[in-house]
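K.L.:
Let's see this in three dimensions:
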Amino acid sequence: MKRSGSADLPLHTGYVPKWLYERMAKLGFAITEAIIEEYGKKEFLSRMSDPFWFQSFGAVMGMDWHSSGITTSVMGELKRAINPYSKELGIYIAGGKGKFSKEAPKELLLISEQTGLNGNELVRFSKLSAKVDNTAVQDGFQLYIHNFIVTNDGDWTVVQQGMREGDAMARRYHWHSQHVKSFVEEPHTAICGKNQGPILNLTATEANTTREKILNITQEKPELMMQEIQHLIMPGHHDVRSEDVNLKRLGSILWLAHDSQPKDFEELLLLEGVGPRTVQSLALVSEVIHGTPSRFKDPARFSFAHGGKDGHPFPVPTKTYDEVISTLQKAVQRAKIGQNDKAEAIKKIHEIAAKAEKDFIPTDNLKQLIEKEIAESWKYGGKTVFGDAKPPKRTKGVQLRLF
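P.N.:
The predicted model follows:
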């Protein structure tokens with residue numbers, strides 16, 4: 001069993017308003033369906049076990065792009081949206097935050113009754129993954145979120161999160177059942193974070209003798225430094241800055257959405273009637289569905305699909321959000337009956353934008369882009385936790401070019 005990665009995130013408090021969590025559930029479900037339809041259940045689990053993809057997934061759904069709240073909200077809304085259709089999708093989600101994390105064993109036993117899987121084994125995997133991150137690896141973070149995602153074939157992924165007392169930081173841990181070997185010796189492909197001095201890692205190969213001696217209570221626990229492999233560290237600032245975003249990739253999406261209208265591309269004719277702002281969001285949603293792992297190193301870029309509930313980088317454009325949900329839902333439903341035209345059109349958006357990057361030369365006008373999005377947010381039903389976006393008293397007509 002491999003820990004596939006981890007992420008250090010600023011700890012955010014607050015709530016997800018009803019107008020957002022309902023949309024998150026719908027978009028999350030549609031993206032999940034699209035991935036399973038195109039690539040299968042194993043690929044969905046693989047992506048959920050990638051900390052960079054997971055953060056991008058949350059950002060494209062309008063959550064605060066860098067915060068720990070993405071973990072709670074994404075997993076909570078996915079569980080609410082997916083579990084009623086688990087039999088059809090072949091995906092089941094157990095656990096949650098706080099007291100709901102302790103429900104995971106009971107839920108996994110119920111899932112085993114529905115699928116014929118070995119429930120006791122699933123419960124064991126769930127408990128061991130939590131024990132490793134909470135006890136065998138003592139890095140100062142205490143778990144308070146534990147989600148176990150399992151398919152009807154028995155493949156699984158764990159997404160869990162710990163909080164560290166004394167500062168406003170959380171750490172998310174991702175596990176993947178692929179290549180199961182051992183829970184007690186080198187189960188991780190990544191356990192890492194900012195170097196804060198020696199920490200205790202009893203899963204290291206070098207600790208093999210120590211583990212045996214501990215059983216006999218004859219040797220003290222050694223302190224071992226952990227290896228850094230794949231780790232995401234999100235900054236503390238709320239605003240999206242140039243250093244947080246791959247401007248070349250963002251600029252090519254803006255070029256596609258705003259400079260060259262979809263009608264200019266034969267492949268995108270099936271999306272006729274979808275406006276430029278919606279194409280911008282669809283391009284980023286398309287990348288979450290069809291992009292390769294290397295494309296998710298800058299999760300902040302995906303906040304330019306639907307903004308953020310706290311207003312960073314701009315208010316959530318609910319009208320655009322609804323158009324994206326509707327377009328994606330129709331594409332998935334048509335693909336299920338063998339009519340792949342709309343699904344292929346959405347896929348083509350990502351392919352065209354990715355191809356355009358090769359010769360694309362961006363300019364750093366990110367600040368102007370954000371100002372434009374904020375100024376025009378009211379047109380698209382912009383909302384934040386603080387209220388609805390209002391038309392500016394004076395419109396200066398912001399000129400924007402990232403290409």
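
K.L.:
The residue nearest the centre of the chain: what's it in contact with?
P.N.:
Using C-alpha atoms, centre = their mean, the residue of the chain that lies closest to the mean C-alpha position is Phe54, 2.2 Å off. Residues counted as contacts of Phe54 (C-beta atoms under 8 Å, 6 or more residues apart in numbering) are Ala7, Arg47, Met48, Ile70, Thr71, Val74, Val159, Arg172, His174. All C-beta spots, glycine's among them, are computed from the backbone N, C-alpha and C.

K.L.:
Secondary structure element holding it?
P.N.:
Assigning secondary structure by DSSP states H and E places Phe54 in helix 51-60.

K.L.:
starting at the chain centroid, how far to that helix?
P.N.:
Distance, stretch centre to chain centre, for helix 51-60: 3 Å (C-alpha atoms, centre = their mean, to the nearest Å).

K.L.:
Same question for stretch 127-135.
P.N.:
22 Å.

K.L.:
buried stuff in that stretch?
P.N.:
Neighbour counts over stretch 127-135 (16 or more other C-beta atoms under 10 Å) mark Lys127, Leu128, Ser129, Ala130, Val132, Asp133, Asn134 as buried.

K.L.:
What of stretch 67-82?
P.N.:
Residues of stretch 67-82 classed as buried: 67-82 (neighbour count, 16+ other C-beta under 10 Å).

K.L.:
Just the element for Glu121, please.
P.N.:
helix 119-131.

K.L.:
export that helix as PDB, just CAs?
P.N.:
What follows is helix 119-131, C-alpha atoms only, in PDB (Å, rounded to 0.1, in the frame of the first residue of the first chain):
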ATOM      1  CA  GLY A 119     -15.700  -5.900   5.000                       C
ATOM      2  CA  ASN A 120     -13.300  -6.900   7.800                       C
ATOM      3  CA  GLU A 121     -10.300  -6.400   5.500                       C
ATOM      4  CA  LEU A 122     -11.600  -2.900   4.400                       C
ATOM      5  CA  VAL A 123     -12.000  -1.900   8.000                       C
ATOM      6  CA  ARG A 124      -8.500  -3.100   8.800                       C
ATOM      7  CA  PHE A 125      -7.100  -1.100   5.900                       C
ATOM      8  CA  SER A 126      -9.000   2.000   7.100                       C
ATOM      9  CA  LYS A 127      -7.800   1.700  10.700                       C
ATOM     10  CA  LEU A 128      -4.200   1.000   9.700                       C
ATOM     11  CA  SER A 129      -3.900   3.900   7.300                       C
ATOM     12  CA  ALA A 130      -5.200   6.200  10.100                       C
ATOM     13  CA  LYS A 131      -2.900   4.600  12.700                       C
END
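
K.L.:
That helix - contacts with which helices or strands?
P.N.:
For helix 119-131, the elements it packs on are helix 104-115, strand 142-151, strand 156-164, judged by 3 or more C-beta pairs under 8 Å, 6 or more residues apart in numbering; DSSP states H and E.

K.L.:
Just put these in JSON lines and tack on mean neighbour count and mean pLDDT.
P.N.:
Output for those, formatted as JSON lines (neighbours: other C-beta atoms under 10 Å; pLDDT from 0 to 100):
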{"stretch": "helix 104-115", "mean neighbour count": "18", "mean pLDDT": "98"}
{"stretch": "strand 142-151", "mean neighbour count": "23", "mean pLDDT": "95"}
{"stretch": "strand 156-164", "mean neighbour count": "24", "mean pLDDT": "91"}
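
K.L.:
May I see those organised as TSV, with distance to Phe386 added?
P.N.:
Output for these, formatted as TSV (distance: least, C-beta to C-beta, whole Å):
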stretch	distance to Phe386
helix 104-115	35
strand 142-151	26
strand 156-164	26
